[in-house]
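**Student:** From the sequence below, what's the structure:
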Amino acid sequence: MYRNNLLRLLLIIPFFLLAISYTNAQSKPTISLVVWDGIARESDFLPNDLKPAEFYFYRSGGDRSTDIVVYYEISGTARNGYDFSIRDNIRLSAPPIQTSGSGRGTPPHTSLLVRPTIKYTEDNKTVTIKLLPNTDYEIDPTYNSGTITILNSAFPEVQFKYPSSSGTKSSVIKVVLSKPYSKEVKINYSISSVLPNDRKTINGNIVVPANKIETDLILDISDNNINENETLILEFTGTENAHIGLNNRHFFTLLKDNSNTKRSSIYDKIYGIILGSRGGSSIGGVVEMAGSMEQIEKLYGIFDEFLPYRGHPKGATEDGIERQKLIATAVIEKQDRITAQDLANIWIRDFDVYKNTFIGMPYDRTLANFLKWGVKLTDMPNPSKFGGMPYDLGGQIHLTARVFHPIPAINAGDPQGAMEDTKELAKLYYEKDDDDAIIWGGIYNAALTLAMLPGSTVNSVIDGALKFATPEIRKEIEAGLSIAEKYSSDPMNRKFREDINNMYADPASPYYVNNRMTRYVGSSIYENVTCSFAILKITNGNVPLAVKIANNRARDTDCTAASAGAIAGALTGTSTIPKEWIENLDAGLVNNPWSVSHLTDEATAQYLYRALKNKLTRMSKDPIESVNKKDYLSLMRKIGVEF
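**Tutor:** So this is what the prediction gives:
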C-alpha cells in the first residue's frame, strides 16, 4: 500500500512541476517605463547640433519567449507629427541572452528617441507618454509614465566659455551665448565654495545685451582667512531668453599665498596619487586601442607623451578618472570616510547621462540612472525590474584598484580602514559580496595607505599589504614580483613587459585570465594589481617611468598606468613628476567640457588632505574610536598631521 502510494506520487510530481513551469511561462510580463534622458534640444554647442530625449521600456518576469507590442498614450504641449514624430506603440523584442549589447544601456530594454523636427519660435514643449493596459502585459504600478522637454531652439544657449580657471579675488569670467538674440539675456548665478563652511553662497545676475554674444562676470571675492587655495563653484541657476548650455558650472581656483600653510608629507603623497593616476590615464588613453606591444612600437617606438585622443583634448583623462572624481567629491564634501550611499547621492546629483556618453562607459550611465530612478542600494547593481546587471559590467573587473584612489587618501596610514571602505563602495559595482575584486582592490588600497607613511620603502609597502592577502593571492602577486626582480637592472627591458603580459595572456599560464572571467579579460583585478606591484618594484616609485612601462605593455594601458602611477605617487609624492606633466593635465581639464568635475588636481589633493585632518579630529573626539584607534591617531600626530 505504502509502496503504491509512493509510486503514484513519484509519477505525479513531474507533471505537477511541468504545470507550474507552464503556468510561469504563460504569466504576463510587467512593463516599466522610465526617462533615460529628459531633454531634447537643437544646439550650436553640441556635436551634430541636435540632442534627442529618450525613454526606456523594460520588461520583467512572465513569458520571455516572444515579442510584445506595448501601447501608450501621448500627451503634453508638443504636437506629435509636427514638433516631433513617434508612434503610439513600440515592439519589445524577446530578451536576448546578455552576451553583448548595443552600447546604449542594459538589455532587455527598448529605447524610444524623441527628436525635435522643426526650429521653434515658441516656448519649451513637453512630451508625456503613459502606458496603456493590454491583455499581453501588466503595467508597473510605479514606473508607468514619463515626461521629457523639448527646448525652444529660437533661444540661444548660455554657458561659461571655459569650465575652469584660476586667479585672484578680483577676476573676470567670460560668459558666452551660442548666437546673438534680439532681446537682452538675463542670467542668474550662484557662487559657492566646494566646502559650504568656507564661505556663504553668493547669488547674483548678469545681462548679455541684445544682439551681443558675450559678457563678463566680475568676481570680487572677500578674504575668508583660509591660508590655502580655495575653489569656488559658479553655477547658472536660471535664465530669461536663453537656455543653460553645456558648461553650466565653472570651477574657479582662488589663488592665495600658501607659503605659511603647514602640511605633513602625506599631503604631497596624496597629490602624487592624483597626478600619478590621472597622468597614467591621460597618456594611456592615447594607446588604449592600439592593440599589441608590436602595434604601439610600430606607431610610436617607445610611447610616452600627452596627445589628443578619440575626441579628447591633450591632457584629458578618461572614464576611470570620472569615477574617481565622483568618489573624491563625496569624500571632500563629507570631509570624512564615505559610505556607498554617500557616493550614490553624488551620482544622483552630479552625473550627466548625456555628457558621460562622450567620456564614460555604458554601465556608468546605466548604474547612475538606476539610482536616479530610485533603485535601492541593496538592489544595486542588479535590479531585476530594469534588466539586471548592465550588460557590459562583470565580476573581477579592476574598478576597486584603478578607480578607488580617494579611499586610501582618506585612510592614509590605516590599511584596515581602506580595506573596509573598498568593500563598502564595491556595493555599487559588484553583484557578489565575495567578488575577487573586493579583496584584491582592498590589498592594493592598503598598499597606498602604507606608502604614504614617511620612511616607507617598496618592500615595506608590499610586505605590509600582502599581510591582508590569502595564500593564493600572495603567491600570484609574488609571481609578478619575481618577474620584476629578474629585470630589476633594466626596467624598460621589453622582456619584462612580455613576461608580465604572458602571465595573464598565455593559455599555459596558471594565471591565464580568460579562464577566470568572461568580460573585459584584459581589465582584470588580478592583472591590474599584480602589474602595479611589479612595476612599483622595478621602478622604485618613479611615477613617469611606472606610467611609461604600463603604457608600453599594451593590453589595458590607461587603467594599468593609472594604478601603477598612483601607487608610485603614493610612495614618492610629486618628487619624480615634471612640471610639464602638471601643466598638461591642467590644460586637459580646462579644455574638456564633458567631465563630471573640474576641480583641479592640486585642489583635489588639498581638499582630500583637509578631509583626512577632519576625519582624525572627529575620531580623536569620539569616545570609542579615540580608544580603538589610539595608536593610529598617535602615529598621525607624530608624522605631522595637525588635528
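**Student:** I'd guessed Tyr512 sits against Val521; true?
**Tutor:** No: applying C-beta atoms under 8 Å, one finds Tyr512 not in contact with Val521, separated by 9.4 Å. Yep, even glycine has a C-beta here, placed from its N, CA and C like the rest.
**Student:** Just the buried residues of the biggest strand by length in the chain, please?
**Tutor:** Secondary structure of the chain per DSSP state E: the longest strand is strand 230-240. By 16 or more other C-beta atoms under 10 Å, the buried positions in strand 230-240 come out as 230-236, 239.
**Student:** now swap in stretch 428-446 and tell me
**Tutor:** 428-430, 435-446.
**Student:** picking up where we left off before, between Tyr512 and Val521, which is the more surrounded one?
**Tutor:** Higher neighbour count among Tyr512 and Val521: Val521, with 20 against 15, using other C-beta atoms under 10 Å.
**Student:** Got the phi and psi for that one?
**Tutor:** Backbone torsions for Val521, taken as degrees, to the nearest 10, come to phi -70, psi -20.
**Student:** Could you report the pLDDT at it?
**Tutor:** Note on Val521: pLDDT of 92.
**Student:** now swap in Arg249 and tell me
**Tutor:** 97.
**Student:** Beta-bridge partners for it, please?
**Tutor:** Under DSSP bridges, the beta-bridge partners of Arg249 are Glu235.
**Student:** tell me the contacts of it?
**Tutor:** Counting by C-beta atoms under 8 Å, 6 or more residues apart in numbering, Arg249 makes contact with 160, 163, 233-236, 598.
**Student:** Widest-spaced pair of these?
**Tutor:** Phe236 and His598 (14.6 Å; C-beta to C-beta).
**Student:** What's the end-to-end length of stretch 485-500?
**Tutor:** End-to-end distance of stretch 485-500 (C-alpha to C-alpha, to the nearest Å): 12 Å.
**Student:** buried set for that stretch?
**Tutor:** Quick answer for stretch 485-500 (16+ other C-beta under 10 Å): 487, 491, 496-497, 499-500.
**Student:** which one of these sits closest to Lys467?
**Tutor:** Ile500 (23.4 Å).
**Student:** I'd assumed Lys537 was in contact with that closest one.
**Tutor:** No: using C-beta under 8 Å, Ile500 makes no contact with Lys537, being 10.9 Å away.
**Student:** what touches both of the two?
**Tutor:** Ala484.
**Student:** Against Leu599, how distant is Asn591?
**Tutor:** Between Asn591 and Leu599 the distance is 15 Å, computed by C-beta to C-beta, to the nearest Å.
**Student:** Repeat that for Ala340.
**Tutor:** Distance from Ala340 to Leu599, by C-beta to C-beta: 22 Å.
**Student:** Arg59 in helix, strand or coil?
**Tutor:** strand (DSSP: H, G, I helix; E, B strand; the rest coil).
**Student:** out of everything not next to it in sequence, what's closest to it?
**Tutor:** Pro29 (4.5 Å; C-beta to C-beta, 6 or more residues apart in numbering).
**Student:** ok, now which ones touch the one you found?
**Tutor:** Contacts of Pro29 by C-beta under 8 Å, 6+ apart are 59-64, 68, 137-138.
**Student:** which among those gets closest to Val529?
**Tutor:** After measuring the contacts of Pro29 against Val529 - C-beta to C-beta - the closest member comes out as Ser60, at 36.2 Å.
**Student:** partner residues bridging the closest one?
**Tutor:** Thr30.
**Student:** Do I have it right that it meets Lys385?
**Tutor:** Yes: with contacts counted by C-beta under 8 Å, Ser60 reaches Lys385, the gap being 5.3 Å.
**Student:** Now the common contact residues for those two.
**Tutor:** With C-beta under 8 Å, 6+ apart as the test, Ser60 and Lys385 both reach 30, 32.
**Student:** Could you check which helix or strand contains the residue nearest to Glu602 when sequence neighbours are not counted?
**Tutor:** Of all residues not flanking Glu602 in the chain, Tyr271 sits nearest, at 6.6 Å (C-beta to C-beta, 6+ apart). Element membership for Tyr271 (DSSP states H and E) is helix 265-287.
**Student:** And Ser193, how close does it get to Met636?
**Tutor:** 26 Å.
**Student:** again with Gly61
**Tutor:** Counting by C-beta to C-beta - Gly61 and Met636 are separated by 53 Å.
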